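Trainee: coordinates for the following, if possible.
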Amino acid sequence: MSRPRLGYLLKHANLRLSELVGAALAPYGIDGREFAVLALLDSPVPMSQLDAARRLGIDRTTMVAMVDALERKDLVRRRPHPDDRRKNVVEPTERGHRTLGGARIAVDAAEEEFLSALSGGDAGLLRDVLERLVPPPAG
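Mentor: You can find the predicted model right below:
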C-alpha cells in the first residue's frame, strides 16, 4: 500500500487543526480568520485595513467585510490615520484586547492538543520545518 500524498496529509491536518481552533474560539464569538485579523491589528504600529489585508494575503473587499464584522462585535474601531488623512487606522477596542487575550490562550491550547500525538521534539521539529516551507507574511 502506498503512503498518502503530502497534499492529502497537509489538507487533513489543517482541517483537524481548524476544527480544534474553531471550537476553542467559539466562546469568544470569533472564528479563526477573525482571530488572525484581530491578532495582527494588536500592534503598537498603526495599521490600515489595506496594510492588514496585504500582510494576511486577503483581498480588500474581504478585509472590509471582516473589519465590519469585528466592528459590529465591538472588537475593533476605525479612526483617522495620524500621518495620512486618506487612510483609516483599525485597532482593537478594549473589548477586543480582552477577547484577544483569552482567545490567544484558547488557540495555544488547541494547537497543543493538535500536536499532542507528537513528542515535544517532534512537535518543535514540525513547526521549524513548516516555518522553512511557508514564507513569512509580507510586510
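
Trainee: okay, strands next: where are they in this protein?
Mentor: For the chain, the strands defined by DSSP state E occupy 76-80, 88-92.

Trainee: what does the first one rub up against?
Mentor: The reference is to strand 76-80. For strand 76-80, contacts defined as C-beta atoms under 8 Å, 6 or more residues apart in numbering pick out 38, 41, 49, 67, 70-71, 87-93, 96. In this view, the C-beta of every residue, glycine as well, is placed from N, C-alpha and C.

Trainee: quick one: buried residues of it?
Mentor: V76, R77 (16 or more other C-beta atoms under 10 Å).

Trainee: can you report how many residues lie near R5?
Mentor: 9 (other C-beta atoms under 10 Å).

Trainee: ok, it to P27 distance?
Mentor: Here R5 is placed at a distance of 36 Å from P27 (C-beta to C-beta, to the nearest Å).

Trainee: which stretches in this protein count as helices?
Mentor: 6-25, 32-41, 49-56, 60-72, 94-114, 120-133 (DSSP state H).

Trainee: perfect, that will be all.
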